[in-house]
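Visitor: 3D, please:
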Amino acid sequence: MILASATVPDRPSNQLQLPIVGLVPVAAQSSVELNIEPNFKQTAEPVALNASNLKAAFALTEAASVQTPAVVAQADQETPNTLKISPGGPSKPVNSTIEAPVRSVPQLSPKPSQAPELPSSKTIAPPIVVPPETPPGTPPIGAPAAEARVLVSEVVVAGAGKRELEDEVYRVIKTRPGQITTRSQLQEDINAIFATGFFATVQAEPKDTNLGVRVTFQVGPNPVLKTVRVEGSAIIKQPDVDGIFQTQYGNTLNYRELQRGVQDLTKRYQDQGYVLAQVAELPKVGDDGVVTLQVSEGSIESMRIRYFDKDGKELLNKEGKPSGRTREFIVLREMETKPGGVFNRKTAERDLGRLAGTGLFEDVKLSLDPGQDPRKAIVNVNVVEKKGGSIAAGAGVSSASGLFGTISYQQQNLGGNNQKLGAEFQLGQRELLFDANFSDPWIAGDQFRTGYTINGFRRRSVSLIYDGGNDVRILNTGRTDADRVRIVRTGGGISFSRPLSKNVFERSPWSASLGLQYQRVTVQDGDGRIIDPNAPQVLRNATTGLLTPVAASGRD
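Guide: Got it, this is the predicted structure:
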């Protein structure tokens, strides 16, 4: 008996798995049943649909298993759906396994033994061993038996239900009435039927008739597709899913069409920037025609900040942890990408732009690692920090200040908090000037990105505009012995600002600011002496100075 069949097992088979060695003719009073179970090849992208989960497959790649029956049918007993090959010859019992006959071949050389002590140095020839003759007709060890070939009298398709499905089976199979077929050919036909995508189960049942072998392909079609549901999705909603699979609703489920729909769903995610989204598990097909897709959208398990030098070497402390000047929360607060959210490429690109805009880093990159949950990702923020501080000193001579010296200090990342500190001092023979400021662009813990700036200063400048009535005058600078009025401002202030945007990660065209500033203004001559504005003459350094009255036109 030769029975070729293919089913989709719900659990691993306990049948004896033997290599396929072809159909071996046996005695007239015996029969051998061959049960061929297909193994389905997973598709490569983006989500494989295989038989064990979808009850179908598009390709069968591994060899079939061979099952021997527990009970051998009697010679005169009629067994349905079987093909009996009864060659002439005496009846012999059937072994429980199918294997090529192998004869024991003796060794061609004797086993080595200890040589006895020889009384003389004569050379003794070894004994000649004649190997036994191999009986003619003995097949080589391990040589497969020839595959049986049978004549097909009729090909029948059963269980299709619809004419178009039945025609689809006839279209793809190669077994034809009046032609020779083999077990390999039947297996290829089973593969081809599964590859159409319309069927959940396929069996090829050959049966012996007076005219030859009748081959019946017993097929189990998929249910009519009613709807496709997506689980685990926070981005794509059900109306979007229905729009993708709408053309398949109401038709017999086809795994190829379903696969294309899954690819379109994945592309929808990709177009929106969710590059890690994919169908994580094989679709579940219900008998009621409902297909369930389990989607993994690429959730972020955690985020790590990694610091590198200019040569690409990671900076670690003695404990092996990342070591950098900038504190981690300063980096993370600039990023809209957060742990627990869904990774989006477009959002990540904007995050990199904001980090670069802080002026703290020479280079910023992102990398992804798999998380402990394979459906989630770890986002690595890899940064190369700039040198945040600078100090400078100088000296010089000028007609206004005489001999002077300056020192300045700048820190762009004070304490690793993205706070800026600047200070400059100038000490000369005639003046002492300074300008110091401190700013924090984002107060820690504030959700509206509120920043503030504090400054203190003492500055001196030459100005021609005053407010003080007609008594305020400047010297005629056309005279070589004349002098100019200096305005000295001493004071400080504080100001707050914040963008007017609901989302702090979006650039706002408007911002609000509020501040308070105090300054004390004095008028001095070139030697730093304070001038009394009520005096009849402003300066008396020049012996013959000509004074020109100037009316006030503004307030400084």
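
Visitor: okay, now the unreliable bits of the protein?
Guide: For the chain, the stretches flagged by pLDDT under 70 are 1-145, 463-484, 526-527, 531-556.

Visitor: mind naming the longest helix for it?
Guide: Longest helix in the chain by number of residues (criterion: DSSP state H): helix 255-271.

Visitor: what about the residue lying closest to Val342 once chain neighbours are set aside, distance to Gln272?
Guide: Excluding the flanking residues, the one nearest Val342 by Cβ to Cβ, 6 or more residues apart in numbering is Glu297, at 4.8 Å. Heads up, the C-betas are built off the backbone N, CA and C, glycines and all. Look at Glu297 and Gln272: by Cβ to Cβ, to the nearest Å, they are 10 Å apart.

Visitor: who has more neighbours out of these two?
Guide: More neighbours surround Glu297 than the other of Glu297 and Gln272, with 21 against 14 (other Cβ atoms under 10 Å).

Visitor: give the contact list for the more buried one.
Guide: By Cβ atoms under 8 Å, 6 or more residues apart in numbering, the residues touching Glu297 are 232-235, 269, 274, 276-277, 342.

Visitor: do Leu432 as well
Guide: Shown in contact with Leu432 (Cβ under 8 Å, 6+ apart): 426, 458.

Visitor: report the beta-bridge partners for it.
Guide: Beta-bridge partners of Leu432, counted by DSSP bridges, are Leu427.

Visitor: Lys284 too?
Guide: Beta-bridge partners of Lys284, counted by DSSP bridges, are Thr292.

Visitor: break the protein into its domains for me.
Guide: Listed by automatic domain parsing, the domain ranges of the chain are 1-87+147-221, 227-296, 301-385, 389-549.

Visitor: helix, strand, or coil at the residue nearest to Gly388 when sequence neighbours are not counted?
Guide: Using Cβ to Cβ, 6+ apart and skipping residues adjacent in sequence, the residue nearest Gly388 is Asn413, 3.7 Å away. Classification of Asn413 using DSSP: H, G, I helix; E, B strand; the rest coil returns strand.

Visitor: joint contacts of Glu297 and Gln272?
Guide: Common neighbours of Glu297 and Gln272 (Cβ under 8 Å, 6+ apart) are Ile235.

Visitor: I'd like the next helix or strand past the helix or strand hosting Val379.
Guide: Using DSSP states H and E, Val379 falls within strand 376-385. For strand 376-385, the following helix or strand on the C-terminal side (DSSP H and E) is strand 389-398.

Visitor: and that next one, what does it pack onto?
Guide: Counting contacts by 3 or more Cβ pairs under 8 Å, 6 or more residues apart in numbering; DSSP states H and E, strand 389-398 is packed against strand 402-414.

Visitor: could you check the angle strand 389-398 makes with the strand it packs on?
Guide: Angle between the axes of strand 402-414 and strand 389-398 is 170 degrees (criterion: axes from the mean of the first three to the mean of the last three Cα atoms, to 10 degrees).

Visitor: which outside residues touch strand 402-414?
Guide: Contact partners of strand 402-414, identified using Cβ under 8 Å, 6+ apart, comprise 325-326, 359-360, 385-386, 388-398, 419-431, 438.

Visitor: just the buried ones from those, in PyMOL syntax?
Guide: A single PyMOL command selects the buried members of these (16 or more other Cβ atoms under 10 Å):
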select buried, resi 325+326+360+385+388+419+420+421+422+423+424+425+426+428+430+431+438
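
Visitor: and stretch 156-171, how far apart are its ends?
Guide: End-to-end distance for stretch 156-171, by Cα to Cα, to the nearest Å: 13 Å.
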